[in-house]
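Asks: Got a sequence here, can you build the structure:
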Amino acid sequence: MATHQAEENGNQNDAQLNAERHFTDSEDEEELEDGNWDDWDAEDDAGEEHFSNPEMLCLFCDSSYSSCSSFFEHCASAHSFDFHGIKKAYKMDFYKCFQLLNYVRSQVAVNKCWSCGVVCSSKEELQKHLHEAVNFDGSSFPWDDDRYLKSFLQDDPLLYSFGEDYEDEEFGNMSADTNEMESYLSQLERIDIHDESSSDRCASELKVRGENGGKDVISPYTNTAMPVVTPMVDDTNNVAGDTYRNGEDEIDNIPSSTIVAKQIKNINKSYFGAYSSFGIHREMISDKVRTDAYRQALLENPSLLKNAVVMDVGCGTGILSLFAAKAGASRVIAVEASEKMAAVASQIAGDNNLLSNGIPSKGSQQTGSIEVAQGMVEELDNAKHIPPHSVDVLVSEWMGYCLLYESMLTSVLFARDKWLKPGGAILPDTATMFVAGFGREATSLPFWENVYGFNMSCIGQEVVEDATRFPIVDVINSSHIVTNTKVLQTFDLVTMQPKQMDFTAIVELEPESASEPSNPTDSKSETTSCYGVVLWFDTGFTERFCREKPVNLSTSPYTPSTHWSQTILTFREPIAMASNCVGEKPAPVGTDDCPVARIQARISIVRAAPHRSIDISLELTGVGHDGHRRKWPAQIFHIN
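Replies: Predicted structure coming up:
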């Protein structure tokens with residue numbers, strides 16, 4: 001139906017649990033706190049002396065500093081965290097800065113990069129990974145969440161000191177108004193940002209039940225499910241905070257699951273509404289590579305389909321259900337969430353005398369095997385007419401751009417676990433993602449350099465710069481691939497779990513050995529520039545289930561194009577590569593004078609917080625022929 005689109009060790013889980021507990025005060029502690037600083041002001045001289053010059057613990061290591069200036073200088077020089085630069089670049093006020101600092105601490109506590117969200121296996125690996133901040137779009141930030149208005153470290157002196165060095169006008173006199181600061185901080189201690197029923201579980205285990213039947217809410221910057229803030233919502237659906245106070249009155253919190261469920265419901269409504277357009281279905285059906293692969297798998301494997309009970313998840317027009325019925329299935333359950341398309345699928349099945357218990361076409365007495373179930377597959381959980389584990393074959397065209405966009409795979413896995421018989425077939429049963437590097441000809445630069453004899457390269461440069469921030473879905477010519485191809489990730493749909501959709505993989509790309517220099521005497525001709533990487537996928541109807549006719553559906557640039565095209569991720573700057581040493585000169589690694597022998601690419605793909613979206617993190621390290629390395633800042637690409 002779709003047209004778009006490591007498990008950590010016990011120490012990591014412990015780190016997450018410790019991090020979560022920082023966000024949760026016990027009831028006893030909350031009862032002792034009165035929500036103001038009167039007791040602190042009234043402490044004895046020894047207490048005042050203790051807090052007069054507090055040591056501020058570094059955000060990333062065990063160093064501590066007594067002044068903000070030395071603290072932030074250390075963070076910038078040792079850990080590439082330029083607090084002042086970030087604050088200035090995004091015009092962040094006091095509250096946003098407060099959230100940022102708490103956010104960074106929370107991420108470091110679980111060995112995650114605050115900037116790109118990459119998960120590291122240890123504190124040491126994180127220290128090596130840290131880099132300059134990625135470019136955020138300026139409209140939203142990963143720390144723009146009320147949870148980070150709660151101090152991550154108890155009595156963190158940094159939060160009471162970092163505003164002192166700023167000009168009054170920069171924070172609207174916030175730092176100068178001590179009473180306001182104290183009042184604000186005291187209110188933070190009153191905020192309960194955690195679901196009490198889940199306070200003893202690690203963050204990766206917290207789930208929010210939504211319209212999609214219990215899907216984890218995934219943070220785009222963490223690779224794990226995160227606890228969700230409990231905001232108040234007014235009549236205009238504006239989030240007003242965790243608890244709304246009006247004088248002495250307090251209104252009970254609206255459950256966070258209600259908020260998230262409403263957001264997911266709205267996204268699903270828009271998503272399935274889009275599939276009411278017949279143009280989308282024409283595009284999919286017209287994709288001969290796609291449709292023929294399913295047709296062959298269903299029609300040319302009689303031992304699999306004859307007298308089988310088949311479930312088609314996301315049937316759309318019902319084309320796959322029609323194939324299954326024609327192949328001899330005794331019952332085909334076509335599940336479709338779009339109300340309009342469910343009606344259309346029923347009409348089409350009836351018009352072709354394949355609708356079960358429907359009104360046969362005029363002049364015909366035939367009643368077919370297809371029955372259409374309108375609704376999301378997760379909402380059919382209690383459907384009495386579909387007994388659990390009663391399906392022989394589960395089929396779905398769930399793949400989106402970059403394979404995982406739309407997150408429809410979770411619905412397929414849900415249906416597998418609920419209705420597929422033990423040993424039942426799932427079509428397709430495998431999926432593999434690939435990656436390769438592409439050259440200059442795959443970009444728009446050559447086109448804009450000569451437009452009817454005019455140089456418009458300034459447009460090409462701007463287009464390429466935009467492409468470094470946003471992924472492009474387009475067809476790559478195989479001749480524009482300049483590196484070898486590597487497997488990025490494989491999925492076995494028979495055994496995989498939903499959490500495996502979020503992954504990090506490391507591949508090494510080398511210059512394409514088959515490419516020959518146009519002039520062997522010119523060392524420069526042996527150097528090529530890699531402008532980015534391209535991702536694509538194959539799905540397999542393997543002989544595990546399709547014994548008579550195994551089929552492979554490929555979206556590779558080396559095969560006929562499909563409506564999925566490929567997903568293109570453009571580097572911020574091209575990286576020069578050479579298969580042999582070409583007499584490097586003293587120059588930065590990855591330039592024409594010092595080309596790399598290979599590119600190490602660390603790619604993370606995770607489900608994003610906006611339902612059905614994904615985030616891709618790209619980290620590059622160039623390895624020269626002499627062993628010297630160069631690391632480029634991480635890039636984040638969001639697909640929605």
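
Asks: list the contacts for residue 488?
Replies: 433-435, 505, 507, 535, 603 (CB atoms under 8 Å, 6 or more residues apart in numbering). Bear in mind the C-beta positions are built from the backbone N, C-alpha and C, glycine included.

Asks: what would those residues look like in a markdown table with secondary structure?
Replies: Shown next, in a markdown table, are the contacts of residue 488 (DSSP: H, G, I helix; E, B strand; the rest coil):
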| residue | secondary structure |
| --- | --- |
| 433 | strand |
| 434 | strand |
| 435 | strand |
| 505 | strand |
| 507 | strand |
| 535 | strand |
| 603 | strand |
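
Asks: Neighbour count and distance to residue 97 for those - can I get that in CSV?
Replies: Output for these, formatted as CSV (neighbours: other CB atoms under 10 Å; distance: CB to CB, whole Å):
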residue, neighbour count, distance to residue 97
433, 23, 38
434, 22, 42
435, 23, 37
505, 17, 35
507, 21, 37
535, 22, 36
603, 22, 31
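
Asks: closest to residue 460 among the residues you listed?
Replies: Taking CB to CB as the measure, residue 460 lies nearest residue 535 of the contacts of residue 488, at 22.8 Å.

Asks: What ranges in the stretch 401-550 of the chain fall below the confidence cut-off?
Replies: Judged by pLDDT under 70, the stretch 401-550 of the chain has its weakly predicted residues at 407, 513-525.

Asks: try 50
Replies: Where the stretch 401-550 of the chain drops to pLDDT under 50, the residues are 514-525.

Asks: How about the chain?
Replies: 1-52, 166-253, 255-257, 358-361, 363-366, 514-525.

Asks: so who does residue 327 touch?
Replies: 298-299, 301-302, 305-306.

Asks: Dihedrals phi and psi, it?
Replies: When read as degrees, to the nearest 10, the backbone of residue 327 gives phi -80, psi -10.

Asks: picking up where we left off before, among the contacts of residue 327, which one sits closest to residue 549?
Replies: Within the contacts of residue 327, the smallest distance to residue 549 is 5.4 Å, found for residue 301 (CB to CB).

Asks: And for residue 283, nearest residue in space, chain neighbours not counted?
Replies: residue 563 (5.3 Å; CB to CB, 6 or more residues apart in numbering).

Asks: The one you found and residue 488, how far apart?
Replies: Using CB to CB, to the nearest Å, residue 563 is found at 21 Å from residue 488.

Asks: what does residue 473 give?
Replies: 17 Å.

Asks: SS state for residue 125?
Replies: When classified by three-state DSSP, residue 125 comes out as helix.

Asks: Helix, strand or coil: sort out residue 436 for me.
Replies: Going by three-state DSSP: residue 436 is strand.

Asks: So it is in contact with residue 534, correct?
Replies: Yes - with contacts counted by CB atoms under 8 Å, residue 436 reaches residue 534, the gap being 5.8 Å.

Asks: Ends of stretch 356-371, what's the gap?
Replies: End-to-end distance of stretch 356-371 (CA to CA, to the nearest Å): 5 Å.

Asks: likewise stretch 130-140?
Replies: 22 Å.

Asks: Go through that stretch and flag the buried ones.
Replies: Of the residues in stretch 130-140, 130-131, 133-134, 136 count as buried by neighbour count, 16 or more other CB atoms under 10 Å.

Asks: Need the contact partners of it.
Replies: Contact with stretch 130-140 is made by 60, 79-82, 85-86, 90, 113, 115-116, 469, 631, 633-636, as judged by CB under 8 Å, 6+ apart.

Asks: Okay, strands next: where are they in the stretch 301-450 of the chain?
Replies: Using DSSP state E, counting those that start in this stretch, the strands of the stretch 301-450 of the chain run over residues 309-313, 331-336, 370-374, 391-395, 420-427, 430-438.

Asks: these two touch, right, residue 161 and residue 66?
Replies: No - counting by CB under 8 Å, residue 161 does not reach residue 66; the two are 9.5 Å apart.

Asks: joint contacts of the two?
Replies: 54, 56.

Asks: Enumerate every residue touching the closest residue to residue 439 other than its chain neighbours.
Replies: Using CB to CB, 6+ apart and skipping residues adjacent in sequence, the residue nearest residue 439 is residue 482, 4.1 Å away. Neighbour list for residue 482: 437-439, 511-512, 515, 528-530, 577 [criterion: CB under 8 Å, 6+ apart].

Asks: Over to residue 605?
Replies: 402, 404, 489, 501-503, 614-617.

Asks: Who are the contact partners of the residue lying closest to residue 501 once chain neighbours are set aside?
Replies: Counting by CB to CB, 6+ apart, residue 404 is the residue found nearest to residue 501 once chain neighbours are left out, at 5.8 Å. Neighbouring residues of residue 404 by CB under 8 Å, 6+ apart: 5, 501, 605, 607, 614.

Asks: beta partners of the last one?
Replies: On DSSP bridges, the residues paired with residue 614 through beta bridges are residue 607, residue 639.

Asks: hang on, it packs against residue 636?
Replies: No - using CB under 8 Å, residue 614 is not in contact with residue 636; the gap is 11.2 Å.

Asks: And the two? Which one has more around it.
Replies: residue 614 (27 against 21; other CB atoms under 10 Å).

Asks: And that one, how close does it get to residue 501?
Replies: From residue 614 to residue 501 the distance is 9 Å (CB to CB).

Asks: swap in residue 463?
Replies: Distance from residue 463 to residue 501, by CB to CB: 31 Å.

Asks: So which of the contacts of residue 488 is the closest to residue 627?
Replies: Using CB to CB, the contacts of residue 488 come closest to residue 627 at residue 507, 19.4 Å.

Asks: ok, now which ones touch the closest one?
Replies: 435, 486-488, 600-601, 603.

Asks: can you name the two of the residues you listed that are farthest apart?
Replies: With distances taken as CB to CB, the most widely separated pair in the contacts of residue 507 is 487 and 600, at 15.3 Å.

Asks: Could you check which of the two is surrounded by more residues?
Replies: Shown here are residue 487 and residue 600; by other CB under 10 Å, residue 600 has more neighbours (16 against 12).

Asks: Touching, residue 75 and residue 61? I think so.
Replies: No - using CB under 8 Å, residue 75 makes no contact with residue 61, being 9.3 Å away.

Asks: Same drill for those two, tell me which one is more crowded.
Replies: residue 75 (22 against 14).

Asks: how about that one, secondary structure?
Replies: Three-state assignment for residue 75 (three-state DSSP): helix.

Asks: Nearest residue to it in space, please, no chain neighbours.
Replies: Nearest residue to residue 75, sequence neighbours excluded (CB to CB, 6+ apart): residue 81, at 4.3 Å.

Asks: The one you found contacts residue 71, correct?
Replies: No - judged on CB under 8 Å, residue 81 makes no contact with residue 71 at a distance of 10.5 Å.

Asks: between residue 436 and residue 534, what contacts are shared?
Replies: Contact criterion CB under 8 Å, 6+ apart; residues shared by residue 436 and residue 534: residue 481.

Asks: Is there a neighbour count for residue 280? I'd like the number.
Replies: Counted with other CB under 10 Å, residues neighbouring residue 280 total 18.

Asks: ok, now the one 4 residues further on?
Replies: Burial measure for residue 284: 21 neighbouring residues, criterion other CB under 10 Å.

Asks: That one and residue 316, how far apart?
Replies: 7 Å.

Asks: What of residue 541?
Replies: As judged by CB to CB, residue 541 and residue 316 stand 19 Å apart.

Asks: Extract the CA atoms of the helix or strand residue 283 falls within and return them as CSV.
Replies: Assigned by DSSP states H and E, residue 283 belongs to helix 278-286. What follows is helix 278-286, C-alpha atoms only, in CSV (Å, rounded to 0.1, in the frame of the first residue of the first chain):
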residue,chain,number,x,y,z
PHE,A,278,-6.9,7.5,-7.0
GLY,A,279,-3.8,9.0,-8.4
ILE,A,280,-1.6,7.4,-5.7
HIS,A,281,-3.1,4.0,-6.5
ARG,A,282,-2.6,4.5,-10.2
GLU,A,283,1.0,5.3,-9.5
MET,A,284,1.5,2.1,-7.4
ILE,A,285,-0.4,-0.2,-9.8
SER,A,286,1.4,1.3,-12.8
